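Peer 1: let's see this in three dimensions:
(2 chains)
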Amino acid sequence: MTQAEIKLCSLLLQEHFGEIVEKIGVHLIRTGSQPLRVIAHDTGTSLDQVKKALCVLIQHNLVIYQVHKRGVVEYEAQCSRVLRMLRYPRYIYTAKTLYSDTGELIVEELLLNGKMAMSAVVKKVADRLTETMEDGKTMDYAEVSNTFVRLADTHFVQRCPLVPATENSDPGPPPPAPTLVISEKDMYLVPKLSLIGKGKRRRSSDEDATGEPKAKRPKHTTDNKEPIPDDGIYWQANLDRFHQHFRDQGIVSAVANRMDQTSSEIVRTMLRMSEITTSSSAPFTQPLSSNEIFRSLPVGYNISKQVLDQYLTLLADDPLEFVGKSGDSGGGMYVINLHKALGSLATATLESVIQERFGSRCARIFRLVLQKKHLEQKQVEDFAMIPAKEAKDMLYKMLSENFISLQEIPKTPDHAPSRTFYLYTVNILSAARMLLHRCYKSVANLIERRQFETKENKRLLEKSQRVEAIIASMQATGAEEAQLQEIEEMITAPERQQLETLKRNVNKLDACEIQVVETIFLLESYIESTVKRQ
Amino acid sequence: MASRGGGRGRGRGQLTFSMEAVGIGKGDALPPPTLQPSPLFPPLEFHPVPLPSGEEGEYVLALKQELRGAMRQLPYFIRPAVPKRDVERYSDKYQMSGPIDNAIDWNPDWRRLPRELKIRVRKLQKERTTILLPKRPPKTTEDKDETIQKLETLEKKEEEVTSEEDEEKEEEEEKEEEEEEEYDEEEHEEVKGTSFHSQAPFLPRISSGDLNFRRLEGQRR
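Peer 2: Numbers count the residues shown, from 1 in each chain, chains lettered A, B, ... in the order given. Here you go, the predicted model:
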């Protein structure tokens, strides 16, 4: 794990789970697999705190445990899983676009709680939806269950590995930690529950006032002691499926940008047909015949078979090679080259970065070297039609930032520099890795800056929150306009300005983060796909 | 041998590569030497592209900020314990800030976690008397019976020494109850009890009566 990734993980854990969990998590990421006592000793935290932190991390699938010989349990952190926390908003938004508000809330609950039982999810989501509905209407459990089943059928949520059922005649003491197992076919099996009920609206008298002492809380949790029907079956969000969806989205939008809407719809249909049949790491999808594609086109599209065939040949002949023709049976067998598509997307990202950072002439040189694979300095100047001095300057700038690399070809066995060819070349994989590392650094910087801005204006933020609370309570009890005006004037005009600026800055930094995270996804997918093929 | 002590190495001014191959012709102006570290925020030549705006962008932005706030309120967000102030204050009794005795606010499924991670949730101090004491009736009543018996039988001989020893044992066991975690198995406690039992004579003599009453009061509060 690189330093940039560790720093980013540390910031994410601290923002979402607090400092104690952050300390333990970062220690585990740095040092690898460790038992409980060693963690407590090395980090200098008390055993209780370490236990609490580990419980939280295991619940959220960020740490796994393994039983080694002699009964020692070792804990290992999953750094890549921690980095997925950056994408939570995108997962939730995807669920919203596919399954509307119900799906959105289900995925949100699963992501925020790590893993949950189905009945608990349904109940909580129904309650939340009921609150947003108008007075008198409630959300039925059945509807939420239906959406849950649909999510499970399309593999967006999956079951967590289960504790194996031990018989009572097990000899010896129970193991120090359970080994969790799950079989492939059980992963998306929804248990038959009859969840009957409606969402409850939270009455104002039951509202959790902040002044309520925590002494009351344990009493609430022991209220309902009925056994849950699906005890022991927990569900989690299937992040790989979401990644597959993002990748498909990327490919479809790339085709739409390059060609037109119809071809992107065709590609989308092909991808949808191969969702379940192709594993996410395959280099290309299963071959699909033109007849099948014609049958599966969405209902609104009434293009004739001939037009479809023309589009398919056009797509297959495109130099970007998103779609390939693998045979002629059934009207033509077509595949989507996933690996090549990801490669093109990564290359496009690199080109775009160079264009925005160094200018369009640099981008021209970059594309040239990419196309011709290896070029000498003189050749670059000639092909790009850029004066020698500027070309030299640009090449060295890109070389210093590691977008372009030098390949030495010696003419003589003693590698004398005056008798060696120096060729410029672009290695996409290493450039992508370098860019990914920079992206991690950028996100870490953005988060830090946002935290800094918030901390600077903490006093002002608290004051504004208090004023809002006062206004809200006064409005609830019915106050005059003049009084409300007076309270509002507690915040002076320059302070208001400061708050506005703060809000604008924080929004901008957040939006930047979201944008960089999308780039990170593209680069990570490409690198993963390439590494798997080797 | 001929070059020893003469010029420092042969061909001092020669470079290992030819200047033309690198691309710097004769008489070209080289860039000025860098005398200080590069500035922290160098001026950008090209302005960054504007961020995506629109319904989707704004929705995801709002979602992100909402998630951030929501995660802070969940029980998974562990706040470090408030540092204890120098003097105990009266308001501390009525202002419970922070989790009680390192308890977890949520209930994980303990069957899925390693056994060593289990923290027994300590009930409230108010409820403790009703829950803790019934768990230990055999032990405490046994101890009390024992001590009363011993006090009665050994009234004449060595009275001071034995009663102090028994009370020390009681103190030690109560101290152990409060400070250490409760384990599931009773055998553990019995074993611990007996081990302390053997150590009792070596402990310094504490003024018995006051300490006992204070500890019992602490439990009942």
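Peer 1: and for residue A:284, the neighbour number?
Peer 2: 17 (other Cβ atoms under 10 Å in any protein chain shown). (Glycine included, C-beta is placed from N, CA and C.)
Peer 1: which residues of the stretch 1-150 of chain A fall in helices?
Peer 2: Ranges of helices in the stretch 1-150 of chain A, per DSSP state H, counting those that start in this stretch, are A:3-17, A:19-31, A:36-43, A:47-59, A:79-83, A:88-113, A:118-132, A:141-153.
Peer 1: next one: the stretch 301-450 of chain A
Peer 2: For the stretch 301-450 of chain A, the helices defined by DSSP H, counting those that start in this stretch occupy A:305-317, A:338-358, A:360-372, A:377-384, A:388-400, A:428-456.
Peer 1: tabulate those (CSV), appending distance to chain B.
Peer 2: CSV is the format used below for the helices of the stretch 301-450 of chain A (distance: least, Cβ to the nearest Cβ, whole Å):
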stretch, distance to chain B
helix A:305-317, 27
helix A:338-358, 6
helix A:360-372, 10
helix A:377-384, 5
helix A:388-400, 5
helix A:428-456, 10
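Peer 1: okay, these in TSV with mean neighbour count and mean pLDDT next?
Peer 2: Output for those, formatted as TSV (neighbours: other Cβ atoms under 10 Å in any protein chain shown; pLDDT from 0 to 100):
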stretch	mean neighbour count	mean pLDDT
helix A:305-317	15	89
helix A:338-358	19	92
helix A:360-372	18	92
helix A:377-384	17	90
helix A:388-400	17	90
helix A:428-456	17	94
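Peer 1: distance to residue A:486 for the ones you listed - can I get that in TSV?
Peer 2: Formatted as TSV, these follow (distance: least, Cβ to Cβ, whole Å):
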stretch	distance to residue A:486
helix A:305-317	67
helix A:338-358	50
helix A:360-372	58
helix A:377-384	68
helix A:388-400	60
helix A:428-456	28
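Peer 1: skipping adjacent residues, who's closest to residue A:276 in space?
Peer 2: Closest residue to residue A:276 apart from its sequence neighbours, by Cβ to Cβ, 6 or more residues apart in numbering or on different chains: residue A:155 at 7.5 Å.
Peer 1: and that neighbour, how far from residue A:534?
Peer 2: Shown here: residue A:155 relative to residue A:534, a distance of 27 Å by Cβ to Cβ, to the nearest Å.
Peer 1: those two: which is more packed in?
Peer 2: Taking neighbours as other Cβ under 10 Å, residue A:155 and residue A:534 compare with residue A:155 leading, 16 against 5.
Peer 1: over to that one: give its phi and psi.
Peer 2: phi 70, psi 20 (degrees, to the nearest 10).
Peer 1: who's in contact with it?
Peer 2: Contacts for residue A:155 (Cβ atoms under 8 Å, 6 or more residues apart in numbering or on different chains) come out as A:188, A:238, A:241, A:276.
Peer 1: among those, which ones are in helices?
Peer 2: If you go by DSSP state H, those have residue A:241 in helices.
Peer 1: so which of the contacts of residue A:155 is the most crowded?
Peer 2: Highest neighbour count within these: residue A:238, with 21 neighbours (other Cβ under 10 Å).
Peer 1: now that one: closest residue in space, sequence neighbours ignored.
Peer 2: Counting by Cβ to Cβ, 6+ apart, the residue nearest residue A:238 is residue A:158, at 4.3 Å.
Peer 1: who touches residue A:258 in this structure?
Peer 2: Contacts of residue A:258 by Cβ under 8 Å, 6+ apart are A:318, A:320.
Peer 1: alright, I will stop here.
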